[in-house]
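Novice: Return atomic coordinates for the entry below.
(one chain, ligands or ions: 2)
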Amino acid sequence: KKKLLEVHNLKTYFFGDHGVVPAVDGVDILIHEGETLGVVGESGCGKSVTSLSIMRLLMDTPGKVINGSIKFEGKDLLQLSEKEMQEIRGNDIAMIFQEPMTSLNPVLRIGEQIQEAVELHLKYDKNKAKKHVIGMLKLVGIPRAEEIYYEYPYQLSGGMRQRVMIAMAMSCDPKLLIADEPTTALDVTIQAQILDLMRKLQNENGTSIMLITHDLGVVAEMCDRVVVMYAGRVVEEADVFQIFEEPKHPYTIGLLNSIPKLRQKIDRLDSIPGIVPNPTNMPKGCKFAPRCQHAMDHCLEREPSFYQVGEHHKCKCWLYQSELAKEV
Ligand code: SF4
Ligand code: MG
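Specialist: Residues are numbered from 1 along each chain as shown. Ligands and ions are numbered 1, 2, ... in the order given. The predicted structure follows:
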């Protein structure tokens, strides 16, 4: 399979009044064409900052990418001008967020805001663009699409707004869809419908999806491969079956143990004592050491490398440093 997105050694730091916060600290991410990659971890582990870095949407924050490359179809997004990046944003790479109100313009009618992107990126004339937009609204299951076209975001329910955002994200047939907790705020029925819809659009268009979630049930249902993030790092990466059948990293094992039922969320990890370390005061060695039952002396001193623990499976933990393990 062809590589679509290759993030290499990404470091995004936040420069605030109380010091420097290394929100993302050396992350590698690979997404192939047509694949769904799940990115999981607790709140604050760097998932969203990673996606905002890829989209280059950090400008309203004190965050800055200080290292790494983000290659999309071989081009480093970090080297593009803002104008070139605008061409890619919404067209080749689209994003949906947890809270649709942040990405919908409150003073523009639903139809107008989707249509703007369609005219810009697909170069459709007004009539053709309008037809396309109404078609997209119908495709995402919005009833009375012709009327909703003229309504404002505040007139719609949360579930409808989420659908509008997905219609907008998919309207230019993106190669990559980044979905950051796309269904977290929705009730279970609507959540299932939205996930179905994303799958359907993926099957029809061959879209790759980067699905950021803390819901392991969603991961099991949607993803081909998974990366687990902790404290601004990827700590494990594997095919979805390996993650559930043979998790290797003590953190991943804790995540899985913390959900007796797959549907349950992992806001809090009852089975892993302690909390995510304060990013302004990270432990020196393995960032998970303060919470790890297997921590050894040198875990506190030195950060582990990645070790290959299976064919498509790697894990950043000293436990897998053996004669057989290959450092990667
Ligand atoms: Fe635990 Fe050590 Fe592995 Fe970190 S490196 S997860 S502290 S065993
Ligand atoms: Mg496109």
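
Novice: Show me the protein divided up by domain.
Specialist: Taking automatic domain parsing as the domain assignment, the ranges for the chain are 1-92+174-328, 101-173.

Novice: Could I get the average pLDDT for the last one?
Specialist: Read that as domain 101-173. Per-residue pLDDT over domain 101-173 has a mean of 90.

Novice: Can you see whether that domain contacts ligand 2, counting any residue in it?
Specialist: Yes - contact of domain 101-173 with ligand 2 (CB under 5 Å from the ion) involves 172, 173. C-betas here are computed from N, CA, C, even on glycine.

Novice: what's the neighbour count on the residue of the stretch 1-150 of the chain found nearest ligand 2?
Specialist: Proximity of the stretch 1-150 of the chain to ligand 2 (CB to the ion) peaks at residue 91, 4.6 Å away. Using other CB atoms under 10 Å, residue 91 is surrounded by 18 other residues.

Novice: Quick check: it touching residue 118?
Specialist: No - contact criterion CB atoms under 8 Å: residue 91 and residue 118 do not qualify, at 10.0 Å.

Novice: what touches both of these two?
Specialist: Counting by CB atoms under 8 Å, 6 or more residues apart in numbering, the shared contacts of residue 91 and residue 118 are residue 172.

Novice: Provide a complete list of residue ranges assigned to helices in the stretch 151-300 of the chain.
Specialist: In the stretch 151-300 of the chain, the helices defined using DSSP state H, counting those that start in this stretch lie at 158-170, 188-205, 216-222, 240-245, 250-257, 297-301.

Novice: How far off centre is the third one?
Specialist: It stands for helix 216-222. Centroid separation for helix 216-222 versus its chain: 13 Å, with CA atoms, centre = their mean, to the nearest Å.

Novice: Now do that helix: which elements does it pack against?
Specialist: On a contact count with 3 or more CB pairs under 8 Å, 6 or more residues apart in numbering; DSSP states H and E, helix 216-222 meets strand 36-40, helix 188-205, strand 208-213, helix 240-245.
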